[in-house]
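Chemist: Sharing a sequence plus its predicted fold:
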There are 2 protein chains.
Amino acid sequence: MASKRPITARNSKSKAAPRRIAVNAAEARAGAILEIDLGAIAGNWRLLQSKVGRNVRCAGVVKANAYGLGVVPVAKALAAAGCKSFFVASLDEALALRDILKTPEIVVLNGLDAGNARDFLKARLTPVLNDLGQVETWRGLSLADPRARQPAILHLDTGMNRLGLSRPEIAVLTTEPDRLAGVTLRAIMTHLACAEEPKHEKNADQRRRFVAARRQLPSAPASIANSSGIFLGPDFHFDLVRPGAALYGLNPVPGTSNPMAQAVNLKGKILQVRDVDRGESVGYGARHRMNRGGRIATVAVGYADGWLRASSERGAGRIGGHEAPIVGRISMDLMTLDVTAIDPELTQPGAMVDLIDSKNTVDRVAEQASTIGYEILTALGRRYHRVYRGA
Amino acid sequence: MASKRPITARNSKSKAAPRRIAVNAAEARAGAILEIDLGAIAGNWRLLQSKVGRNVRCAGVVKANAYGLGVVPVAKALAAAGCKSFFVASLDEALALRDILKTPEIVVLNGLDAGNARDFLKARLTPVLNDLGQVETWRGLSLADPRARQPAILHLDTGMNRLGLSRPEIAVLTTEPDRLAGVTLRAIMTHLACAEEPKHEKNADQRRRFVAARRQLPSAPASIANSSGIFLGPDFHFDLVRPGAALYGLNPVPGTSNPMAQAVNLKGKILQVRDVDRGESVGYGARHRMNRGGRIATVAVGYADGWLRASSERGAGRIGGHEAPIVGRISMDLMTLDVTAIDPELTQPGAMVDLIDSKNTVDRVAEQASTIGYEILTALGRRYHRVYRGA
């Protein structure tokens, strides 16, 4: 799906020859190169849209800088693929997105408050209304401008206990529907706590609570599914689905084969290779001890680049297809790999080590750091030279 | 040490009234505010310089965007305090720093390679030479321009086994000193693996190896100490010390009272507060279960902001001085705190929760996430509204 000519983030507007020179100079300086496959992301969106069918709208969740992958190129690629509804977390994220997407709906999950609600009007944003206070603020602004009813999504809490109207608040809305006067409900939504675990009883429980609450409220499209929620089956699709993680290639059905295309590749540069004697230690705290003589390669990726320190002594990079275990503690700017078993010709300084690829997926890297792929993505570092393919 | 008028990162060039309005608008939108005390950082540098005395140069390590705190304001503050030597990790970091600091020495720890060495010349950068290949590349460029000897720092590995010349490479330099022709050795350095543990035998061992290797090489100033190395005592000061972490307030002597001033404050905004019944769960995976009825506040800081997911269910925020335990898993954009024990007046939506402050220090937050303060700092998020004080 990837095109053959890479475009860098910095130089995406320049053309032809100067672009190629800039790419090479920046790549020559870079300690690591992060490739993001926009074709794969767009393809993942199309796959999910086709999975839920024509009568269900498939949004794109691009909060947290599109899960660390770059909201500008990612949102443009999704819009070009046909996505018409974008979800972000905060007002700041929404304002930045509105700068590049003039038409599509932009929904702000964290909602509004009295101090910033007017910014939502100005930028034509759709707030998620998470409590009665937010409902009241938005109603006030909506009624102040009788020319147009203002859009909003009403968020009902069904057991996540994080954001969304509580049961008592839903009861108030039921008995006092005028609290929504002037507001166009683009959707009524809830959010699943355990969608990655299809057998968890909470999924059916949340769905049941959602359906019951919705019956008491004005008619509006319904939305419950995040990425994994889509794979809980058509009962969870309703009218609008909100995938994020699956767009970026994370497996929405852990424990089974990943239906999504992998969208991220990370390569780190070998800065130095050294022979290390048996009994010598490697890295901070002298925690890794060589139990035989060997060779250690130092690579220019560390925890300041988002390679979590929790993955010290865990996982591996690959060089020419051969696994090189990560040994010693991850440093701020560097990691050390045991390359003893690999042909020295392949491990010269300047050679690139595959750290994230189709075999060493984001999900696998996450497991080695005792976390989830979402955190690996959002932690992806600022120092990486970013190359976008498949635009 | 902090001045009373905050300056925002975005608006540091604007003046008077417009600045104040911009601050308030940005603060009103922000889900979290990160305050960085440049006065504390400059004070920490002065304290370390006075600790090592006049005859020892105290550098400033500002790699990884000044440990996440912002290299532009931090480097300017250090330069204004008298710092004349700056260390970064990569060439890209050095080029960005040279744009704002025209005169001081800028040292690149990760060294150079044949593909990018000319950039070092152009920007008057000092490479750390980590192996004989880098020595050879720099010598070649130095000899090509007979007008000036080129500066470099020679890095000897003494047991870290990460970067720096190995013992056999040092032996080659000893027998063939001409390999350094045309190069001005600004320093000969090594790096300690266990400086945070004063009783670790490796400290004395690395020092011994360093002194022995140095004797075989051309005379040059010597450097061994990072932040904690400075506190190993005068035997470790030599001619140049290279603190990073201690400048930013991390404790260089873990287990004893922190001699450094705290430089970072983080406040997160409460988006919503809810009553939660006994037996209900909070957050993803339904892992936190309420063992009594209570109140949960949702705060706009998550792991995409660098609040590591490893600290789920650990640690606390403070509201009006009262501790509110973090419960449930950290989400991408949100965390949930149990505020049952706190006066509801203090926990209204819009109230700010202290997440990092003089009691909940960076080191303590790190401990709760099973990592070190360095990782907490370098992970500090891009969505925080940053306010610099004490410039």
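Modeler: Sure, I can see it.

Chemist: Would you mind listing the buried residues in stretch A:249-262?
Modeler: For stretch A:249-262, the neighbour count (16 or more other C-beta atoms under 10 Å in any protein chain shown) marks A:249, A:250, A:251, A:252, A:253, A:260, A:261, A:262 as buried. Using the backbone N, CA and C atoms, a C-beta is placed for each residue, glycine as well.

Chemist: Confirm that the fifth one sits in a helix.
Modeler: The one in question is residue A:253. No: per DSSP: H, G, I helix; E, B strand; the rest coil, residue A:253 lies outside any helix segment and is coil.

Chemist: ok, it - contacts?
Modeler: By C-beta atoms under 8 Å, 6 or more residues apart in numbering or on different chains, the residues touching residue A:253 are A:198, A:228, A:231, A:259.

Chemist: Apply 10 Å and report the result again.
Modeler: Going by C-beta atoms under 10 Å, 6 or more residues apart in numbering or on different chains, residue A:253 touches A:195, A:196, A:198, A:227, A:228, A:230, A:231, A:232, A:246, A:259, A:260.

Chemist: can you check residue A:87 too?
Modeler: A:59-63, A:93-94, A:97, A:105-109, A:126, A:128, A:153, A:189, A:223, A:226, A:242-244.

Chemist: Using the three-state scheme, assign it.
Modeler: Here residue A:87 is strand, with the state taken from three-state DSSP.

Chemist: same thing with residue A:96?
Modeler: Criterion first, three-state DSSP; result for residue A:96: helix.

Chemist: Excluding chain neighbours, give the residue nearest to the residue positioned nearest the centre of chain A in space.
Modeler: When C-alpha atoms, centre = their mean is applied to chain A, the residue found nearest the centroid is residue A:67 (2.5 Å). In this structure, residue A:67 finds its nearest non-sequential neighbour in residue A:377, 4.4 Å apart by C-beta to C-beta, 6 or more residues apart in numbering or on different chains.

Chemist: longest single strand anywhere in chain A?
Modeler: Longest strand in chain A by number of residues (criterion: DSSP state E): strand A:264-276.

Chemist: List the neighbouring strands of that strand plus their orientation.
Modeler: strand A:32-37 (antiparallel), strand A:294-299 (antiparallel), strand A:352-356 (antiparallel) (DSSP bridges).

Chemist: can the following helix or strand past the first one be found next to chain B?
Modeler: Just to be clear, that refers to strand A:32-37. Next along the chain after strand A:32-37, taking DSSP states H and E as the criterion, comes helix A:38-52. No: counting by C-beta under 10 Å from any C-beta of the partner chain, chain B has no neighbours in helix A:38-52; the shortest distance is 17.5 Å.

Chemist: Count the neighbours of residue A:306 for me.
Modeler: Residue A:306 has 23 neighbours, counted by other C-beta atoms under 10 Å in any protein chain shown.

Chemist: what sits against the nearest residue to it once chain neighbours are set aside?
Modeler: In space, and not counting its chain neighbours, residue A:306 is closest to residue A:379: 3.3 Å by C-beta to C-beta, 6+ apart. Listed by C-beta under 10 Å, 6+ apart, the contact partners of residue A:379 are A:68, A:303, A:305-308, A:369, A:371, B:303-304, B:306, B:308-309, B:379, B:381.

Chemist: sorry, back to before: show only the entries of the contacts of residue A:87 found in helices.
Modeler: Members of the contacts of residue A:87 lying in helices (criterion: DSSP state H): A:63, A:93, A:94, A:97.

Chemist: Mind putting the residues you listed into CSV with neighbour count, pLDDT and distance to residue A:38?
Modeler: Converted to CSV, the ones in helices among the contacts of residue A:87 look like this (neighbours: other C-beta atoms under 10 Å in any protein chain shown; pLDDT from 0 to 100; distance: C-beta to C-beta, whole Å):
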residue, neighbour count, pLDDT, distance to residue A:38
A:63, 26, 98, 18
A:93, 25, 97, 19
A:94, 27, 98, 21
A:97, 23, 98, 16
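
Chemist: can you narrow these to ones near chain B?
Modeler: Contacts with chain B within the ones in helices among the contacts of residue A:87, counted by C-beta under 10 Å from any C-beta: A:63, A:93, A:94.

Chemist: how about the strands in the stretch 151-300 of chain A?
Modeler: A:183-189, A:222-223, A:240-241, A:264-276, A:281-282, A:288-289, A:294-299 (DSSP state E, counting those that start in this stretch).

Chemist: Make CSV from the ones you listed and add mean pLDDT and mean neighbour count to it.
Modeler: What follows is the strands of the stretch 151-300 of chain A, written out as CSV (pLDDT from 0 to 100; neighbours: other C-beta atoms under 10 Å in any protein chain shown):
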stretch, mean pLDDT, mean neighbour count
strand A:183-189, 97, 21
strand A:222-223, 98, 23
strand A:240-241, 98, 23
strand A:264-276, 97, 23
strand A:281-282, 94, 22
strand A:288-289, 93, 17
strand A:294-299, 98, 24
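
Chemist: Distance to residue A:158 for those - can I get that in CSV?
Modeler: Formatted as CSV, those follow (distance: least, C-beta to C-beta, whole Å):
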stretch, distance to residue A:158
strand A:183-189, 10
strand A:222-223, 12
strand A:240-241, 16
strand A:264-276, 32
strand A:281-282, 50
strand A:288-289, 47
strand A:294-299, 45
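
Chemist: Quick one, which of those strands gets closest to residue B:76.
Modeler: With C-beta to C-beta as the criterion, residue B:76 lies closest to strand A:264-276 of those, at 28.9 Å.

Chemist: Residue A:40: neighbouring residues, count only.
Modeler: There are 22 residues near residue A:40, going by other C-beta under 10 Å.

Chemist: My guess is it contacts residue A:247. True?
Modeler: Yes: Residue A:40 lies in contact with residue A:247 (C-beta atoms under 10 Å); the separation is 9.2 Å.

Chemist: any shared contact partners between the two?
Modeler: Counting by C-beta under 10 Å, 6+ apart, the residues touching both residue A:40 and residue A:247 are A:77, A:260, A:261, A:263.

Chemist: surely residue A:215 meets residue A:174?
Modeler: Yes: between residue A:215 and residue A:174 there is a contact under C-beta under 10 Å: 9.4 Å.

Chemist: So those two - more neighbours on which side?
Modeler: Per other C-beta under 10 Å, whichever of residue A:215 and residue A:174 has more neighbours is residue A:174, with 13 against 9.

Chemist: so what does the helix or strand containing the residue nearest to residue A:67 touch, helix or strand wise?
Modeler: Per DSSP H and E: residue A:377 is located in helix A:373-378. Helices and strands touching helix A:373-378, by 3 or more C-beta pairs under 10 Å, 6 or more residues apart in numbering or on different chains; DSSP states H and E, are helix A:63-67, strand A:264-276, helix A:362-368.
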